[in-house]
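> need coordinates for the following:
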Amino acid sequence: MNAHFCWLCWALAACGSGRVDDTTDSEDPVDDSAPTDDTGAPPEPLVVQASVHPVMTSIVVLEWTQEAPGSVQAEYSVDEDSWMRSPVYTMQAGPGRLLLLGIPFDTEVTWRLLTDGQAATQDARIRTGACPSGLPDIDHVTGQADAWDPSIRWFLGSLAPGGGSGGGARPWTFILDRQGRLVWANQTPSGRTTFSPQPSVDGSEILIDYNSWWGSFDGGARSQVARLDIEGTTLGTWDTPGLIHPFTQTGDGSIAWSAAQGGYAYSGEVLALLDPSGASRTLFDCNAFSQGHGGSYCGANTVWWNPENGHFLYSLYTLDTVIEVDAEGEPVRWFGHLPGSWSFSDPSSTFWWQHGTQYLDDGHLLVSTRRTESARETVIREYALDESDQSLVQIWSFGEGEGVYAEILGEPRRLPNGNTLHNFGSTPRIREVSPEGDVVWDVSWDDSGTLGCTHVVPDLYALWTSAP
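This is a model prediction of the structure:
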């Protein structure tokens, strides 16, 4: 029988205090017996001070003085059945510091520290800090733990309360666990909004767009992309003038973004690029390209970088079209409704108002789209590319008849086990669906806010930039 859970108490689901019902930790059970040294006597216990992190209050900080070099690891649990483990770190003699990550806000955690593979402390308890004020509440979570992707435990996303893009509605960037509990949260500065939080391309930092175009309606003059670590420390920022919607990072660390021209959206956009040296340039003039093919102004909702060939997918809601642009800024091909686009082998599989466009590892195209041009229902479509007649051939779809609709935003994301995550943007909801069409995880917010991008986070400890 499938494991099934459902929390209807939104306050507990949002910030912790709930039980972890799934056990995705596949390591051996923890041995609670006291270790001994060569004489058979228990070693002297290590004196460890536990405290709540002063900035990110869901993090517990362990500190101690280490008398000799050796390896250390933390084990910790928020229930009685499963334990989480930090990586094993090698530390020199002197002050030691270790973080406990992935714990919900306002939750009691049991912890112990191991040195050289042996328990160096007795089990102790501490409660994490309160959920930050103003963080939107999660309404419900349901799922089948044995059917979702077991390799995915954490999700990075953003939500603008009330659906606002300014006017004081400051969005939150968050990390969420499978039980719908928030384990990390950062509020966007005043006068900014956030649409596209994402892990850095190497997985070591959290990148957050601080968008002033919609945050203070200044034409994006003060838009930036910030670099944060798991402790909530701002490591640096990039100026991204004109940033109006999406951005992405490339393999060499460059930032590419859709930049509005003339300070307002209807003047069109370009794809801008900022390289690691700090030099910026226009990579692709979308407005000029569109007008040259009989189209109207460009308005982008996705910029996706392909690590296989360095190309970009530039998805335009204003044209119901996706343009593939190479690393030199040349259009390679385009799909959708702009003249010259690849066609759809089955007209009923045409995408409209597409978002979150990306290539999969097998070369298929994945999009979130309205079911038809006028339908108030959002679906996922996966296409194979038929090079012979330049057409998109739908090979999989989900969402028809489900009745879930994203007025704006939304995106799909293929998970390692073949399941697909679907974010519904302005209908703040995330669902995971199996290839057979079964919804195996479903989380929604009780706010009328707008979700930005959603990414999986394989390893929280990779985001700890000051790790030993």
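> what's the spacing between Glu400 and Ser349?
11 Å (Cβ to Cβ, to the nearest Å). Any C-beta I mention is one placed from the backbone N, CA and C, and that applies to glycine too.
> between these two, point out the one with more neighbours.
Ser349 (17 against 13; other Cβ atoms under 10 Å).
> correct me if wrong: that one contacts Val379.
No: with contact defined as Cβ atoms under 8 Å, Ser349 does not reach Val379; the gap is 9.9 Å.
> joint contacts of the two?
Ser397 (Cβ atoms under 8 Å, 6 or more residues apart in numbering).
> domains in this structure, by residue range?
Domain assignment for the chain by automatic domain parsing gives 17-127, 138-463.
> how far does the last one stretch from one end to the other?
Chord length of domain 138-463, first to last residue, is 25 Å (Cα to Cα, to the nearest Å).
> quick one: low-confidence parts of the protein?
Residues of the chain meeting the criterion pLDDT under 70: 1-44, 163-168, 263-266.
> which parts of it are helices?
Counting by DSSP state H, the segments of the chain that form helices are 10-15, 212-216, 286-292.
> elements contacting the shortest one?
Secondary-structure packing of helix 212-216 (3 or more Cβ pairs under 8 Å, 6 or more residues apart in numbering; DSSP states H and E): strand 243-249.
> give me the residues contacting the strand it packs on.
195-196, 198, 200-201, 207, 209, 211-214, 220, 223-225, 240, 255-260, 265, 269, 299-305, 312, 453.
> likewise for stretch 324-339?
So stretch 324-339 is contacted by 271, 282-284, 289-290, 293-295, 309-314, 316, 319-323, 340-342, 351, 354, 365, 390, 392 (Cβ under 8 Å, 6+ apart).
> show me which residues of it are buried.
Glu324, Val325, Trp334, Phe335, Gly336, Leu338 (16 or more other Cβ atoms under 10 Å).
> repeat that for stretch 411-419.
For stretch 411-419, the neighbour count (16+ other Cβ under 10 Å) marks Glu411, Pro412, Arg413, Arg414, Leu415, Asn419 as buried.
> what residues are up against the nearest residue to the first one once chain neighbours are set aside?
Right, the one you point to is Glu411. In this structure, Glu411 finds its nearest non-sequential neighbour in Gly356, 2.4 Å apart by Cβ to Cβ, 6 or more residues apart in numbering. Neighbouring residues of Gly356 by Cβ under 8 Å, 6+ apart: Asn301, Thr302, Ser315, Leu366, Val367, Ser368, Gly410, Glu411, Pro412, Arg413, Asn423, Cys453.
> surely Leu451 is in contact with Arg431?
No: checked against Cβ under 8 Å, the pair Leu451 and Arg431 is beyond contact range at 11.8 Å.
> any residues in contact with both of these two?
Contact criterion Cβ under 8 Å, 6+ apart; residues shared by Leu451 and Arg431: Phe424.
> count the neighbours of the nearest residue to Val270 once chain neighbours are set aside for me.
Among residues not flanking Val270 along the chain, Thr282 sits closest, at 4.7 Å (Cβ to Cβ, 6+ apart). For Thr282, the neighbour count with other Cβ under 10 Å is 13.
> hang on, Thr282 packs against Ala272?
Yes: taking Cβ under 8 Å as the definition, Thr282 is a contact partner of Ala272 at 5.8 Å.
> list residues touching both of those two?
Ala259.
> on that earlier part again, is it possible to get a markdown table of the buried residues of stretch 324-339 that adds distance to Leu98?
As requested, the buried residues of stretch 324-339 are exported to a markdown table (distance: Cβ to Cβ, whole Å):
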| residue | distance to Leu98 |
| --- | --- |
| Glu324 | 45 |
| Val325 | 44 |
| Trp334 | 50 |
| Phe335 | 49 |
| Gly336 | 50 |
| Leu338 | 54 |
